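>>> for reference, the sequence and a predicted model appear below.
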Amino acid sequence: MRFLVFLFIVSISPASMSQDATQLDLLDVLSLAKQYDPTLQAAQFQHQAGQQIETQGRAKLLPQIDLNADYGLDKASLDYPDDASRTDVDSQSSRYGLSLSLKQALFDSDAWLSFREAQLQQQQAALNFQQQQQTFLLKIASAYFAYLQAQDSLRAIVAKKNAFEQALQRANLSFKIGSTAITDKLEAQSRFELAIAEEIDAQNLRDISQSNLSLLIKQNVSRLAKLDVSQNLAVINDKEIDFWQQQVETNNVDIRLSQLELKIAQQKHQAAFGKMIPQVAFTASQAFQNQFSTFANSQVNSGNLQFGVSMSLPLFSGGENMANKRQQAALVNYAKNILRQAQLDASLKTQTLWSSAKTAFQRINAYERALETSMSVLHATQKGLEVGLRTNLDLLDAQQQVFTTQNQLATSRYQALLTQLQLKAHAGILDERDLVELNRFLQKS
């Protein structure tokens, strides 16, 4: 019986799994996924496009220079069919010209406020890209740990099935010699059949998680660096709620986007006033024209230089400007309320994620103690079975408890790590350095 307990312990250890040639850790998976993930690449191009918004807005404040050119050819003929004394005349004239014009805004509040709005929109584009990056990092970490968790679950279920199969063999032998009732045999048979069903589900879940991860990195995944359970994961969760609330208030992407939306609405409100005040600009132009006529056998060159200051003032637009001003004022109030709601939602989610992360790490400690106790119960039950104080069913129950506790412990570890990453993403501070830090808790075998 001691051999059975030893076999049970060995069967659930990582060393008992088959070894493959290639093993990836979290950073390896991240590096490969960055090369192939279409969502991240689309976000990068969108970010590049967003970086041009400010330049486009600034262009209206800079000199506008235009070059115009024209060329024309005229042909004419004079015929005198009723007057033989006069000679028919054919004439041709050509002309070409060049003009260069310049316009520089001296006072254009509409253009200036549009430039300020473009700056805010470019900041929005940068924040959207940051959010996409954080979503990508969470996706990679989630897929990585989902595969590890599926492997651990399958490993534990296979070990449980093997243990229950041996228990069934003992029950069959005991029933044949008449030392146990048929109920013990049926109970062992039931546990074994249920373990087979659980193995089928676990294999399917493992295959699905493996496919998901393989699609991200465009290559087959067989082995990954596993979580080093000898390290203290609690050091990751060492900040109190006040720290996270402050980080969220300062860096949360949704709050910052709402703040920018409010600033843009305020800029548009000011721009509505700008459409009702004068616009002043400096203008200059230089023109040259050449004309030649074969009829007069003459050529004329002319040039023209103009410069000055122009002013335009809208006097009446049918009420459009006033309606636009009222509309933008309402949108400012709308943006203020959206910002307040974003702040409330962020605060509540911060509390929820922090509590979930803290609880997850507490569960790890609780399940570790529970596993030690369950293993002690298993050893005691095995000894009791040897001296006839425990039955085969008692041993099945003890083994079931160990397998269940071990699976819950593994699940809690992965949930704790992912919840911590989600908390950092919510606070707007998640980046690749966090995955580098997390990779220290993984080990290749």
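Cool, the structure landed. Numbering: from 1, shown residues only.

>>> dihedrals phi and psi, residue 316?
Geometry field for residue 316 lists phi and psi as phi -150, psi 130, criterion degrees, to the nearest 10.

>>> count the neighbours of it for me.
Other residues near residue 316 number 7, with proximity taken as other CB atoms under 10 Å. (Glycine included, C-beta is placed from N, CA and C.)

>>> what pLDDT does residue 4 get?
The predicted local distance difference test score for residue 4 is 44.

>>> hmm, residue 357 and residue 423 touching each other?
Yes: using CB atoms under 8 Å, residue 423 is in contact with residue 357, at 5.5 Å.

>>> can you pull the contacts of residue 424?
The neighbours of residue 424, taking CB atoms under 8 Å, 6 or more residues apart in numbering as the test, are 430, 434.

>>> if I look at residue 144, how far off is residue 151?
Here the criterion is CB to CB, to the nearest Å. By it, residue 144 lies 11 Å from residue 151.

>>> name the residue in these two with the higher neighbour count.
In this view residue 144 and residue 151 are compared by other CB under 10 Å, and residue 144 has more residues nearby, 30 against 21.

>>> list the contacts of that one.
Neighbouring residues of residue 144 by CB under 8 Å, 6+ apart: 26, 29, 213, 224.

>>> of those, which belong to strands?
Helix and strand membership here follows DSSP state E; of these, those in strands are residue 224.

>>> export the contacts of residue 144 to CSV and tack on distance to residue 330?
Supplementary listing: those in CSV, determined by distance: CB to CB, whole Å:
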residue, distance to residue 330
26, 49
29, 48
213, 48
224, 54
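
>>> out of the contacts of residue 144, the closest to residue 351 would be?
Distance to residue 351 across the contacts of residue 144 (CB to CB) is lowest for residue 26, with 28.2 Å.

>>> between residue 144 and residue 151, which contacts overlap?
Listed as contacting both residue 144 and residue 151 by CB under 8 Å, 6+ apart are residue 224.

>>> where does the stretch 151-300 of the chain have low pLDDT?
Along the stretch 151-300 of the chain, the model assigns pLDDT under 70 to residues 179-180, 235-237, 293-298.

>>> try 90 this time
For the stretch 151-300 of the chain, the stretches with pLDDT under 90 are 156, 159-192, 195, 218-223, 228-241, 267-282, 284-300.

>>> all helices of it, in order?
182-217, 241-251, 253-274 (DSSP state H, counting those that start in this stretch).

>>> out of those, deepest packed?
Comparing the helices of the stretch 151-300 of the chain by mean neighbour count (mean count of other CB atoms under 10 Å), helix 253-274 ranks first with a mean of 20.

>>> can you redo the helices of the stretch 151-300 of the chain as JSON lines with distance to residue 376?
Supplementary listing: the helices of the stretch 151-300 of the chain in JSON lines, determined by distance: least, CB to CB, whole Å:
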{"stretch": "helix 182-217", "distance to residue 376": "22"}
{"stretch": "helix 241-251", "distance to residue 376": "36"}
{"stretch": "helix 253-274", "distance to residue 376": "48"}
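
>>> any idea which of the ones you listed gets closest to residue 443?
When the helices of the stretch 151-300 of the chain are compared for distance to residue 443 using CB to CB, the nearest one is helix 182-217, at 18.5 Å.

>>> next one: that closest one to chain centre, how far?
Relative to its parent chain, helix 182-217 has a centroid offset of 33 Å by CA atoms, centre = their mean, to the nearest Å.

>>> check what contacts the longest strand belonging to the chain and list those residues.
The strand of greatest length in the chain, counted in residues with DSSP E as the criterion, is given as strand 89-107. Residues outside strand 89-107 that contact it (CB under 8 Å, 6+ apart): 60-78, 111, 278-295, 309.
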